[in-house]
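Asks: Provided below for reference: sequence and predicted model.
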Amino acid sequence: MKFAVVVFPGSNCDRDMYHAVKDSLNEEVDLVWYQDADLSEYDVILLPGGFSYGDYLRSGAIASTSNIVQQIKEAAAQKKPVLGVCNGFQVLLESGLLPGAMLPNRDLKFMCHHEELRVENAETMFSSEYQKGGLIHLPIAHGEGNYYCDDATYQQLKDNEQIVFTYTNNPNGSTGDIAGIVNETGNVLGMMPHPERAVESLLGNADGLRLFQSILMYWRNNHVIHA
Ligand SMILES: NC(=O)CC[C@H](N)C(=O)O
């Protein structure tokens, strides 16, 4: 099993993501520069947090026009797990891989602290190691984390059970307290909280490790090598 962490100019959580997979999950992972990547050899695509292209225009907007996004779309179409965290989520929204958009936080301030989340869907390939209704705590660090979608899209997200995580104490004004959503086929997850920054009890919080373990369990269950 091989993970790719896609690095854009301005990404700054790529090494956290790399560490989470390499040292906490003990799986193969490469940092892949956005310009010279061939993603076809990877099983899981990770889009890290940061300030790609300095957040000019809108967070994630310019990165979403990169050539590599076509390969990310191909990976998503092949039902490979694609995880976008924070700026990565914004890239997924801007590229149309997930519905909705990110607005500036309600109080127009950058916020950086831990938030309590509720697991709304524990059936996805990213959340099977959690309990439905369970509460977890993950760090957030963003200025444009106010998820928006129109009423029809919100109803669809609810009907299709695409809402994976919600905030218990909405910090940024997100529609429906949404913190993370999957696409309709359930293999593309975008979330503003940072699971890769919470993978070690030594650092006081390992609530994020179970997300990576869920991906691993999914892959193993779907790639059983018959002896
Ligand atoms: N931590 C991040 O990825 C931040 C994303 C984006 N730069 C924002 O401020 O909203």
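Replies: Cool, the structure landed. Keep in mind that what you see is a predicted model, and the values were worked out from it rather than measured.
Asks: only C-alpha atoms for contact and neighbour calcs from this point on.
Replies: Fine.
Asks: Residue of the protein nearest the ligand, please.
Replies: Nearest residue of the chain to the ligand (Cα to the nearest ligand atom) works out as residue 49 at 3.2 Å.
Asks: does that residue really touch residue 9, like I thought?
Replies: No. Applying Cα atoms under 8 Å, one finds residue 49 not in contact with residue 9, separated by 11.3 Å.
Asks: For these two, indicate the residue with more neighbours.
Replies: Between residue 49 and residue 9, residue 49 has the larger neighbour count (other Cα atoms under 10 Å), namely 31 against 14.
Asks: Doesn't residue 213 belong to a helix?
Replies: Yes. Assignment of residue 213 by DSSP: H, G, I helix; E, B strand; the rest coil places it within a helix.
Asks: how near is it to residue 166?
Replies: 20 Å (Cα to Cα, to the nearest Å).
Asks: how near is the closest residue to residue 10 other than its chain neighbours to residue 7?
Replies: Spatial nearest neighbour of residue 10, chain neighbours left out: residue 52 (4.0 Å); criterion: Cα to Cα, 6 or more residues apart in numbering. Per Cα to Cα, residue 52 is found 9 Å from residue 7.
Asks: Overlap of the contact sets of those two?
Replies: By Cα atoms under 8 Å, 6 or more residues apart in numbering, residue 52 and residue 7 have no common neighbours.
Asks: surely residue 56 meets residue 63?
Replies: No. Judged on Cα under 8 Å, residue 56 makes no contact with residue 63 at a distance of 9.9 Å.
Asks: Which of these two has more residues huddled nearby?
Replies: Counted by other Cα under 10 Å, residue 56 and residue 63 do not tie: residue 63 has more neighbours, with 28 against 12.
Asks: can you pull the contacts of that one?
Replies: Residues in contact with residue 63, defined by Cα under 8 Å, 6+ apart, are 8, 52, 53, 91.
Asks: Give the helix, strand or coil label for residue 88.
Replies: Under three-state DSSP, residue 88 comes out as helix.
Asks: Which residue, neighbours along the chain excluded, lies closest to it?
Replies: residue 47 (4.5 Å).
Asks: Now do the strands in the chain.
Replies: In the chain, the strands defined using DSSP state E lie at 2-7, 28-33, 44-47, 82-85, 101-103, 111-119, 135-142, 146-148, 163-167, 178-182, 188-191.
Asks: report the angle between the axes of the longest one and strand 135-142?
Replies: What it means is strand 111-119. Counting by axes from the mean of the first three to the mean of the last three Cα atoms, to 10 degrees, strand 111-119 lies at 150 degrees to strand 135-142.
Asks: pull the CA atoms of strand 111-119 into CSV?
Replies: Only the C-alpha atoms of strand 111-119 are listed here, as CSV (Å, rounded to 0.1, in the frame of the first residue of the first chain):
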residue,chain,number,x,y,z
MET,A,111,-8.5,30.5,14.2
CYS,A,112,-6.1,27.9,15.6
HIS,A,113,-7.2,25.6,18.5
HIS,A,114,-8.7,22.2,19.2
GLU,A,115,-12.3,21.6,18.4
GLU,A,116,-14.7,18.9,19.5
LEU,A,117,-16.2,16.9,16.6
ARG,A,118,-19.1,14.5,16.4
VAL,A,119,-18.7,11.4,14.1
